[in-house]
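Peer 1: Turn this into a model:
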Amino acid sequence: MATRSVIGVMHGDVCKAVYCHWDGYLDHNGAILQEHYDSAKANHLVSLGDISSLRPEIGEKHAFSQFETKMSSEEYDRLYGEMTTFYGRDRGEAGVDYKVFHSYDAFLDFFNGCGAEYAYIMDQGVWYVKQYGGDLEILSQALEKISE
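Peer 2: So this is what the prediction gives:
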């Protein structure tokens with residue numbers, strides 16, 4: 001079962017955000033965002049639209065699954081395992097562009113209504129996380145709590 005998340009980047013009062021279907025929990029998507037995505041890379045990430053699975057690298061266009069390539073899972077993972085998989089770029093789906101919200105509250109309204117369990121948002125170079133029904137926390141501090 002998927003652990004869905006939304007990932008946003010604030011630009012002043014405007015937020016650009018995408019949906020991510022898989023592995024949205026703190027010690028996966030949260031850790032990847034904190035460790036591998038600075039402001040420039042986070043902006044590039046959301047510019048490519050909704051995500052199937054987040055990985056440390058944005059990567060390049062690739063087959064959506066091993067079954068499309070007729071590769072073994074080991075070969076597919078060796079070639080594409082570190083690359084993020086996007087619905088638009090890698091599967092060719094339409095209607096999966098990033099969304100624009102004209103306030104932080106509008107982004108939170110979207111999060112509260114979209115069925116995601118986690119929201120990650122970068123503001124002024126700092127990642128924050130909000131679990132559904134919880135409070136906003138600095139992501140690095142939330143990750144420290146779960147590692148204790």
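
Peer 1: which stretches of the protein aren't confidently modelled?
Peer 2: Scanning the chain for pLDDT under 70 picks out the ranges 1.

Peer 1: Which strands and helices lie in contact with the longest helix along the chain?
Peer 2: For the chain, the helix that runs over the most residues, judged by DSSP state H, is helix 104-114. Using 3 or more Cβ pairs under 8 Å, 6 or more residues apart in numbering; DSSP states H and E, the elements in contact with helix 104-114 are strand 5-11, strand 14-20, strand 99-101, strand 118-123. C-beta coordinates here come from the backbone N, C-alpha and C atoms, glycine included.

Peer 1: Which of the ones you listed sits closest to residue 89?
Peer 2: When the helices and strands packed on helix 104-114 are compared by Cβ to Cβ, strand 14-20 sits nearest residue 89, at 11.8 Å.

Peer 1: so how far is the closest one off the chain centroid?
Peer 2: Between the centre of strand 14-20 and the centre of its chain there are 9 Å (Cα atoms, centre = their mean, to the nearest Å).

Peer 1: Pull out the buried residues from that strand.
Peer 2: If you call a residue buried by 16 or more other Cβ atoms under 10 Å, then strand 14-20 has these buried ones: 15-20.

Peer 1: Tell me the one among these nearest to residue 45.
Peer 2: Nearest to residue 45 among these, with distances taken as Cβ to Cβ, is residue 18, at 7.6 Å.

Peer 1: Next up, the contacts around the closest one.
Peer 2: Residue 18 sits next to 6-8, 45-46, 48-51, 98-99 when contact means Cβ atoms under 8 Å, 6 or more residues apart in numbering.

Peer 1: right, and out of the residues you listed, which lies closest to residue 139?
Peer 2: Nearest to residue 139 out of the contacts of residue 18 is residue 7 (Cβ to Cβ; 11.2 Å).

Peer 1: Bridged to the closest one, which residues?
Peer 2: With DSSP bridges applied, residue 7 shows beta-bridge pairing to residue 18, residue 120.

Peer 1: No further questions, thank you.
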